[in-house]
Structure formats: C-alpha cells, structure tokens
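S.K.: mind looking at a prediction? Sequence and model below.
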Amino acid sequence: GDSVTQTEGLVTVTEGLPVMLNCTYQTAYSDVAFFWYVQYLNEAPKLLLRSSTDNKRTEHQGFHATLHKSSSSFHLQKSSVQLSDSALYYCALSERSNYNVLYFGSGTKLTVEP
Amino acid sequence: ETAVFQTPNYHVTQVGNEVSFNCKQTLGHDTMYWYKQDSKKLLKIMFSYNNKQLIVNETVPRRFSPQSSDKAHLNLRIKSVEPEDSAVYLCASSFRDRVAETLYFGSGTRLTVL
C-alpha cells in the first residue's frame, strides 16, 4: 500500500537559518497528489502546500517543495525560518481513485529558537 | 475561519462506557472523514463517507461505528471504550472527485479514557 516516510521526528533550528524537512514515499499509483500540512499547538492541521506535478516547485508562506518522482521525494524547505514557524509538519499523499483519502507520514516537530 | 465543527472539544470517560462525537461541515463538500491522532501524533484514517455512504473503512475495531445523516454531518460512536482509544479524533471534509483536493479539518475531539 501507499506509505509516507518522514525520517526526522524533531528538528531544531535557529531563527533566520534555513531548514529542510524530509519526505519520501512509496506508491503503486500514478494519479497521486502530495501535500504538506502544518499543525500549530492545539489547532487543526491545515494545508501548507501541495503538488502533483513532477519537478515543479510549489511555494506558500515562504516554504517551498518540489516533487521528484525519480527519487520519490517531496522535501519541504524554507530559506529563513521564523519563531512562528514552530509547529508539527506532516507530509501526506492522496490517490484520486481512493476518494482523496490522505495518508500521512509520522510528522516532524519543528522548533525554531531565538 | 472554521468551517468544520466538532463537538465536544473534550471528553473524559471510563473504560467500558459509550461515547459519541459529532461533526458538521459548511463547505458544501460531498465527502467526510474521521482521523485518529494518537499520543505520538500519528494521524491515521479511520473512515470516510461520500454522500452518506461508507466508502473507506480502515482496520478499525468493531466498537467504532460511524454514522452519516447527510453529506454535511458525520458522527462517530465508540461502544465500550478502552484505554488505547484515548486520542484526538479529527473530522475532515473534501470533494471526492477533484484532483489534488485538500482536506479541511476540524479542531478535534480529545478523548481521555480513564
């Protein structure tokens, strides 16, 4: 079945520095979309960005990610993190023929320190 | 702006009791989902309904039973709760047939089983 792997459970970065959160996946389907969701403390997960196009960079709120089907990856990056970026980040995939059900990775908690 | 409403926000109960959670969405979506977020923050799909019809039923214990009266409402009943049911239950909604469609989540119901 489909699976999403986030290797880092915790990432701590100093404010103003860059960050990359890793996401790799396995899927047997071709009509698949990929997402990054962010969950702030005591809030609902919400969409940060998404993509279904190979090798196309997608950006939102200073974050960006590029889907690379050749390496089965969809890493999330930001060039200069802010204190307000501290949150839990989930990588996820959905397959259109499976009713857009989202399958999530285990999540990466990003802590930005002053 | 909240568009997926869940009640109650919190519920504390004892082992063996029955609990019910409610979810309503005002986005006009045709598909709704229940996700479980456990103590390790793992997010896993439990059920999905499309226009009142159950379409996704992951390997969930039989004491869990979802119910949908119309496409805007989805409830979850747990008969005879067990300690491992302690978690946050997140409701979400979406459009089934749109490519790369995002899910919109409610703020969750936190269940504590003593």
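M.R.: Received, thanks.
S.K.: what are the ranges of the strands in the chain?
M.R.: All of this refers to chain A. Listed from the start of the chain, chain A has strands (DSSP state E) covering A:3-5, A:10-14, A:19-21, A:24-26, A:32-39, A:46-51, A:57-60, A:63-66, A:76-78, A:87-95, A:102-104, A:108-113.
S.K.: oops, I was thinking of chain B
M.R.: B:4-7, B:10-13, B:19-25, B:31-37, B:43-50, B:53-57, B:64-70, B:73-78, B:87-94, B:104-105, B:109-113.
S.K.: any idea of the mean pLDDT in stretch A:42-54?
M.R.: Regarding stretch A:42-54, the rounded mean pLDDT is 93.
S.K.: that stretch: how far from the chain's middle?
M.R.: Relative to its chain's centre, stretch A:42-54 lies at 7 Å (Cα atoms, centre = their mean, to the nearest Å).
S.K.: got the CA coordinates for it in PDB?
M.R.: The C-alpha atoms that make up stretch A:42-54 are tabulated as PDB, following Å, rounded to 0.1, in the frame of the first residue of the first chain:
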ATOM      1  CA  ASN A  42      -3.900  22.900  19.900                       C
ATOM      2  CA  GLU A  43      -5.100  23.700  16.400                       C
ATOM      3  CA  ALA A  44      -6.300  21.600  13.400                       C
ATOM      4  CA  PRO A  45      -3.900  20.500  10.700                       C
ATOM      5  CA  LYS A  46      -4.100  22.800   7.700                       C
ATOM      6  CA  LEU A  47      -2.800  22.800   4.200                       C
ATOM      7  CA  LEU A  48       0.600  24.400   3.700                       C
ATOM      8  CA  LEU A  49       1.200  23.400   0.100                       C
ATOM      9  CA  ARG A  50       0.500  20.700  -2.400                       C
ATOM     10  CA  SER A  51       1.700  19.300  -5.700                       C
ATOM     11  CA  SER A  52       1.000  16.600  -8.300                       C
ATOM     12  CA  THR A  53       3.400  17.800 -11.000                       C
ATOM     13  CA  ASP A  54       6.900  16.200 -11.300                       C
END
